[in-house]
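Asker: this one's sequence-less:
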């Protein structure tokens, strides 16, 4: 159903977005497209992992995992049958701050599907039997992740860079399994009762949109729901100040070693230098398979890897993010691989970028941006992320211009300031050859 939409390349979005508050505590953003009869709905409300109580840090995640396990009115099988009969789909996910939902359905069925969505959010069943199954499933996934070299390297990097309770900190699988097992049904019932509600809900819709009709549907589905006490709180925690260090996670019987190298930046996505720093890292390790230095040199020229990239992450919601380089290497090529990626990082910091690279990556970034917004589903998702970051809708139109205005000096200055070669953490996970 992800049909393509046509967008002019300038001021294509903001003028077509309609914003309103059909229910006190729900902000609705709609974007009409030429698609007929279908709508894509995505939304979120506060209630992510950071809002879990200290005594039950996995409560928020388990509540989100139970939302499609049945309600007080309908079993999960009945819900699935109703959705299938309508050709509709509803999915729930959770991140650090928010619980998200995504819906696609026919325009004529939007009212029925939104009522079902509201029922799942407002009246989850929280069956003890289903909870036990969900906990086992989550524990099994976490157990499997112990063998995933890339996942383990990334977790260790984040645990090294950030203190516990920072939005970017991650539990190791063993700890997470124990916390899941300790979480009781009473914990999740209490969290849902106390945390979920109106007041911070965002809903973004694209497709064959009738904003007035959607408002009517939302009033019927969510009217009268209590107000949530949750509010966004930017973290006061910051990444640790570290000297350069290396860590190894032995995982036997692996054919490759995954490496994460990185460091804290101290800045979030709204910082004046954010886009310049992101551009520098894009030139180092993003921008498509054959555009970045790491791919052209470490992969193509030296033949040390099939996968390597660099970028910024963890910078949303006013959190101080981190830069990273990820690469995967055969155990026999690990030493050469790490040496090669560090050489490219050092060269970038000390010598900067070229004017030609800047032009090429500007074109790649802005071109991909409009292509990626070429479906109603993607547009709804972009509206949501933008709203969650509390940015004006105009930002979606202005982003390409922000990128195109970056100067070579701005990018070089950001690279030198925020990529500290004296504070680089490297984690390797896999079967490490000794000697």
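Answerer: Nice, I can see it. Just so it is clear, the model here is predicted, and its values are computed rather than measured.

Asker: Just the helices from the stretch 201-350 of the chain, written as ranges.
Answerer: Along the stretch 201-350 of the chain, counting by DSSP state H, counting those that start in this stretch, helices occupy 211-222, 274-285, 293, 334-351.

Asker: Let me see the contact set for residue 281.
Answerer: By C-beta atoms under 8 Å, 6 or more residues apart in numbering, the residues touching residue 281 are 310, 311, 312, 323. (C-beta placed from N, C-alpha, C; glycine too.)

Asker: how about a markdown table for these, with neighbour count, distance to residue 109 and pLDDT added?
Answerer: As requested, the contacts of residue 281 are arranged in a markdown table below (neighbours: other C-beta atoms under 10 Å; distance: C-beta to C-beta, whole Å; pLDDT from 0 to 100):
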| residue | neighbour count | distance to residue 109 | pLDDT |
| --- | --- | --- | --- |
| 310 | 27 | 44 | 97 |
| 311 | 17 | 39 | 97 |
| 312 | 23 | 40 | 98 |
| 323 | 27 | 45 | 98 |
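
Asker: farthest-separated two in these?
Answerer: The span of those, defined through C-beta to C-beta, is set by 310 and 312 at 8.7 Å.

Asker: picking up where we left off before, JSON lines please, covering the contacts of residue 281 and showing distance to residue 82.
Answerer: Listed next are those as JSON lines, based on distance: C-beta to C-beta, whole Å:
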{"residue": "310", "distance to residue 82": "45"}
{"residue": "311", "distance to residue 82": "41"}
{"residue": "312", "distance to residue 82": "42"}
{"residue": "323", "distance to residue 82": "46"}
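
Asker: Of those, which is the nearest to residue 273?
Answerer: The nearest one, if we look at the contacts of residue 281 relative to residue 273 and count by C-beta to C-beta, is residue 312, at 11.0 Å.

Asker: shouldn't that closest one be in contact with residue 322?
Answerer: Yes - if you go by C-beta atoms under 8 Å, residue 312 and residue 322 touch, sitting 7.4 Å apart.

Asker: Give me the common contacts of those two.
Answerer: residue 265.

Asker: Including distance to residue 29 and mean pLDDT, could the helices of the stretch 201-350 of the chain go into a markdown table?
Answerer: Shown next, in a markdown table, are the helices of the stretch 201-350 of the chain (distance: least, C-beta to C-beta, whole Å; pLDDT from 0 to 100):
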| stretch | distance to residue 29 | mean pLDDT |
| --- | --- | --- |
| helix 211-222 | 9 | 98 |
| helix 274-285 | 24 | 98 |
| helix 293 | 38 | 97 |
| helix 334-351 | 38 | 98 |
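
Asker: just the strands in the stretch 251-400 of the chain please.
Answerer: Using DSSP state E, counting those that start in this stretch, the strands of the stretch 251-400 of the chain run over 257-264, 307-313, 322-329.

Asker: Quick one: low-confidence residue ranges for the stretch 151-300 of the chain.
Answerer: Low-confidence segments of the stretch 151-300 of the chain (pLDDT under 70): 287-289.

Asker: And for stretch 230-237, what's in contact with it?
Answerer: Residues contacting stretch 230-237 (C-beta under 8 Å, 6+ apart): 46-47, 51, 97, 162-163, 165-167, 195, 199-200, 317-319.

Asker: rerun that using 10 Å as the cut-off
Answerer: 45-48, 50-51, 96-98, 162-169, 194-197, 199-200, 268, 317-320, 388, 390 (C-beta atoms under 10 Å, 6 or more residues apart in numbering).

Asker: among those residues, which ones are buried?
Answerer: Buried members of those, scored by 16 or more other C-beta atoms under 10 Å, are 45-48, 50-51, 96-98, 162, 166-169, 195-197, 199-200, 268, 317-320, 388.

Asker: Tell me which of the residues you listed fall in helices.
Answerer: 195, 388 (DSSP state H).

Asker: what's the neighbour count on residue 218?
Answerer: By other C-beta atoms under 10 Å, 25 other residues sit near residue 218.

Asker: That one against residue 23, yeah?
Answerer: Yes - here residue 218 reaches residue 23: they are 5.4 Å apart, a contact under C-beta atoms under 10 Å.

Asker: anything in contact with each of the two?
Answerer: 201, 203.

Asker: just to revisit the earlier point, between the helices of the stretch 201-350 of the chain, which one is closest to residue 327.
Answerer: helix 334-351 (5.7 Å).

Asker: avg pLDDT for stretch 414-430?
Answerer: Stretch 414-430 carries an average pLDDT of 98.

Asker: Please enumerate the shared neighbours of residue 310 and residue 312.
Answerer: By C-beta under 10 Å, 6+ apart, the residues touching both residue 310 and residue 312 are 262, 280, 281, 282, 286, 323, 324.

Asker: Leaving out sequence neighbours, find the closest residue to the second one.
Answerer: Using C-beta to C-beta, 6 or more residues apart in numbering and skipping the chain neighbours, the partner closest in space to residue 280 is residue 415 (4.1 Å).
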